[in-house]
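[1] this one's sequence-less:
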């Protein structure tokens, strides 16, 4: 791969180059070939619709899938990954209906099903190219060339087989049911589809009156939020056991019958805040005693409308019935019954013989409009939801509107068209899911979900309440239900394959045998008929329905393989159920459900073993992402600006991987780039620079380049080396354990945390060693190389691009790279891609006591440094200014001993001159207590509040004695084995209360009362760190020196200078009277400057006249009042002070300046310059009369002074 300019790493550009590299290798296909023969790991990819572009929900799920399947591949499995497409159903048809302005089913039939389906086929994969572009750009490895499509004949044929298998198991039946119905899509939906899109809406609610035929002054009243159903009213339903009353309205004088508890529905003023209790007589008066609903059963009433008011209907309809589904929760306690538009209505009316099951008045057509049965010209042909105002007006005109209001409630909308659903009686084909319920629950218990709560609660409850599944859709673009039926519905043939159909069918027009069937869509099969066996000379015709598209996607485990017509051998053993699937939380009522139902029905097995559920990705404002609102950034813009690795890591290092929500922000992706990717890259860059430096430094003694040395890295005795290696081993074990448990939400934070340890601790604390300073540079480089290499492998499933980048740049230093021809193609070094290489295995060896000590010590160091920095912030002391001492206080003596081994690092990190590690908490800490209310409150009840006050007032002495007693008891010193207690006098007149340790929360906090220290405590009170705050000139001088070093390094970076590039450094005190002159401060810290390889020079005295600026800045020092200017200059030959004095004395100031100009212009390497000036000859020699730079000149002067 091409090498980027290391100083200007551009992650998106680098990723594009990696994509090109993978393409040149055909890397994904190669990885599959290399893994042939390994244990199979089966993954099912839920098929998306290609009628829209991928959004962040798809990207999130795709990233989870890619991460898990990459991990499976890199842990020794063969993982086939096929992309799939959902091609049928409402999403496609709805787009066509909008495009062609189709408003009804009749318009489709007039156009012709073949033409209509042709349009559907034309757009069904409109965005497949864009999908492939985005998915590939994200780094996801999945097979688009061998994808599956639900519209392919092979897939559809397997769906037929699934259906016939269910039919043969007596799990399919035809029913006349009231179903959720989409008028926009002219089709019923399943109950789980209806649950996908609920919204808060405001609907008109009315209370209609129904005069009793025996006494037309008495009116039954029914409340409804669907006034459009009132023209179809055939009965009223009460609860026989509830109590009803007759009341006379003061407003209109009418007598109404209503449930006593629901008078408020008839008289809304009763619920008004302005209404005063006791004034009910101003609203209504009671008429007679209250009575049970049973007294109303059988009474008849006058219909609201006459559309179904016939003599025949009057024999059974327009009477009161009873059912327990009527409650006092809402309404009037009387529910109007329109059996075609309510599930309970249908059940009650059939059960009470109001209607015959086969004769349900349904005056609403497939498009949701009133049919000719509604003879009113103002209503006929009007959409039912649009008819509400007209119906309400007619009720008012008839004197039948007792009350009305606007009612806010949750209402189902069509998941595709986003229009309100209605409930409508339709003949449909069902899968008898309710008969499978126990098996479904058992199979669910056999699966593993992350997070488990979704399985145990949401999905379990959904299965426990499962209803029979309506799988038929009165649509056109879908897999036709392979069911041929006689006109009287008595003879049925279910076909399970193309071969079976061709054997039995004939052309419906010619009645000739059909030899081939090029496609299975409606335009090809609807014309085929099957000769009747029961009635020779007649024919069975296919039912006018296609499958619910969820039935197709639920069949994908079988249909993607064209099972059982192909790939039937070892199917149940090798590829079913899937090892892993992953989708969003909404699929608990979608794909997860249909997979489980069909696999249970077919094989009595779950369709999957392991499942990761992701949550919803929202816009930054917490709202749903909306194309219309444009409240989220284009994914391709994010990829172009920040790269795929940053986006992937941002998504999977968030709560969304455990089914919670994520508010997506571009700043979040940018933060990953800044805080994770760039530091990780810089760690590699620093390694590469220092390895190159080491190679140059050792070139005279060794001809070999720096190479991997696992033994050297593993046997290092340096504590920092031992820590990072032990930390790495612990990380690798953790990753394997947690990835096998599919807990990405624990893995990714740990990976990010390790990268922080690597970049912010190991590299930073070892910069001197790695640069060739004190210690063994080769050993530290070997350790850093090993860590970078293993992290490239471990991070490969998560950040595939940068893992590849890193591997390709480390690879030349691997033995396998040079000996590639003799190595396996998936061996590290020989492998052309990190994604061919197996992850490092678990480290099964027990952690040594030495490693454990360094891990404990390092954790302690990190905590102490964090608290020390917070203490500095509190005291307003800059990190560049040293402090005299640091106090670290802990009762954990073993941790302090471990920290003592790392004391030099603690001093360095906190810029302190001394450290005291102590267990003397009595000297440095005060104790305080809080009540553990969940425990103490449960025991003390009402006295807990007073006890809490007493506990909070306890002093350190009492608490220390109590803790000492508790410690003695836990160490076995209390021979009686009695848990110590602390007696509290609550002073409330009751007996004293004895509390135990578990009933208190005891905290330790810094308690210096002399004002000499600033301290901070850990959240759990187990660690306290304090810094001495007094300052003197020696501390300030070192602070100024460190600040100058820091500013020089920043200026070098700003100027993009290479490591080792020489510069001259000059400084200027800008204040007339400095509290601490910089020159003096630097002079007293020469060792610090020497270690930093910086020789700062006073600007006015030392800077040559012709020295050009590279970079400069002006800033106050840590003491605020003292401003310092720092200038970096390009090294320029400088005239020696003695030569300048001589020139001034012999030739004058102008001649001396001219000589300075001549020297400044000398080419590098010239040792002697001679000539004439003002007619007089001169000769200047390097090292005596001039130097290559002002820095060299100053060093020579210092050396001469030391010799003198």
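    That came through, no problem. What you see is a predicted model, and the numbers here were worked out from it, not measured in a lab.
[2] Which parts of the stretch 1001-1150 of the chain are strands?
    Using DSSP state E, counting those that start in this stretch, the strands of the stretch 1001-1150 of the chain run over residues 1013-1017, 1023-1028, 1064-1069, 1096-1098, 1109-1116, 1123-1129, 1134-1135.
[3] Could you do the stretch 301-450 of the chain as well?
    Under DSSP E, counting those that start in this stretch, the stretch 301-450 of the chain gives strands at 319-322, 335-337, 401-412, 422-431, 448-450.
[4] Report the angle between the helix or strand where residue 1194 lies and strand 1064-1069.
    Applying DSSP states H and E as the criterion places residue 1194 in helix 1190-1203. Relative orientation of helix 1190-1203 versus strand 1064-1069 (axes from the mean of the first three to the mean of the last three C-alpha atoms, to 10 degrees): 80 degrees.
[5] what does helix 1190-1203 contact?
    Helix 1190-1203 has contacts (C-beta atoms under 8 Å, 6 or more residues apart in numbering) with 1062-1066, 1095, 1097, 1102-1104, 1107, 1129, 1131-1132, 1134, 1136-1137, 1183, 1187. C-beta coordinates here come from the backbone N, C-alpha and C atoms, glycine included.
[6] Also compute the angle for that helix relative to strand 1123-1129, please.
    110 degrees.
[7] buried ones in helix 1190-1203?
    Of the residues in helix 1190-1203, 1190-1194 count as buried by neighbour count, 16 or more other C-beta atoms under 10 Å.
[8] got it, and stretch 1036-1051?
    Counting neighbours by 16+ other C-beta under 10 Å, one finds that the buried residues in stretch 1036-1051 are 1036-1045, 1047-1048, 1051.
[9] how near is residue 1061 to residue 696?
    Going from residue 1061 to residue 696 by C-beta to C-beta, to the nearest Å gives 15 Å.
[10] Regarding residue 936, which helix or strand does it belong to?
    Residue 936 belongs to helix 933-940, assigned by DSSP H and E.
[11] helices or strands next to that helix in the packing?
    Contacts defined by 3 or more C-beta pairs under 8 Å, 6 or more residues apart in numbering; DSSP states H and E place helix 933-940 against helix 944-952.
[12] Buried ones in the helix it packs on, by neighbour count?
    For helix 944-952, the neighbour count (16+ other C-beta under 10 Å) marks 944, 946-948, 950-951 as buried.
[13] now stretch 395-413
    By neighbour count on 16+ other C-beta under 10 Å, the buried set for stretch 395-413 is 395, 400-404, 411-413.
[14] Need the residues that contact it.
    Contacts with stretch 395-413, where a contact means C-beta under 8 Å, 6+ apart, come from 180, 194-195, 197-210, 219, 221, 225, 227, 230, 254, 256, 265-268, 304, 392, 419-421.
[15] now, which of the residues you listed lie within helices?
    Applying DSSP state H to those, the entries found in helices are 194, 265-266, 392.
[16] Out of these, which is nearest to residue 1157?
    Lowest distance from residue 1157 to the ones in helices among the contacts of stretch 395-413 (C-beta to C-beta) belongs to residue 194, with 89.6 Å.
[17] since we're on the closest one, how many residues are nearby?
    Applying other C-beta atoms under 10 Å, we find 21 residues neighbouring residue 194.
[18] Return the distance of stretch 871-887 from the chain's centre.
    Taking C-alpha atoms, centre = their mean, to the nearest Å, the mean C-alpha location of stretch 871-887 is offset from the chain mean by 39 Å.
[19] which residues in the stretch 751-900 of the chain form strands?
    Applying DSSP E, counting those that start in this stretch to the stretch 751-900 of the chain gives strands spanning 886-890.
[20] picking up where we left off before, which members of the buried residues of helix 944-952 are the farthest-apart pair?
    944 and 950 (10.7 Å).
[21] could you dump the buried residues of stretch 1036-1051 to JSON lines with distance to residue 15 and pLDDT?
    Listed next are the buried residues of stretch 1036-1051 as JSON lines, based on distance: C-beta to C-beta, whole Å; pLDDT from 0 to 100:
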{"residue": "1036", "distance to residue 15": "48", "pLDDT": "82"}
{"residue": "1037", "distance to residue 15": "48", "pLDDT": "84"}
{"residue": "1038", "distance to residue 15": "45", "pLDDT": "85"}
{"residue": "1039", "distance to residue 15": "43", "pLDDT": "86"}
{"residue": "1040", "distance to residue 15": "44", "pLDDT": "84"}
{"residue": "1041", "distance to residue 15": "42", "pLDDT": "84"}
{"residue": "1042", "distance to residue 15": "39", "pLDDT": "87"}
{"residue": "1043", "distance to residue 15": "39", "pLDDT": "85"}
{"residue": "1044", "distance to residue 15": "39", "pLDDT": "84"}
{"residue": "1045", "distance to residue 15": "36", "pLDDT": "86"}
{"residue": "1047", "distance to residue 15": "35", "pLDDT": "86"}
{"residue": "1048", "distance to residue 15": "35", "pLDDT": "87"}
{"residue": "1051", "distance to residue 15": "32", "pLDDT": "88"}
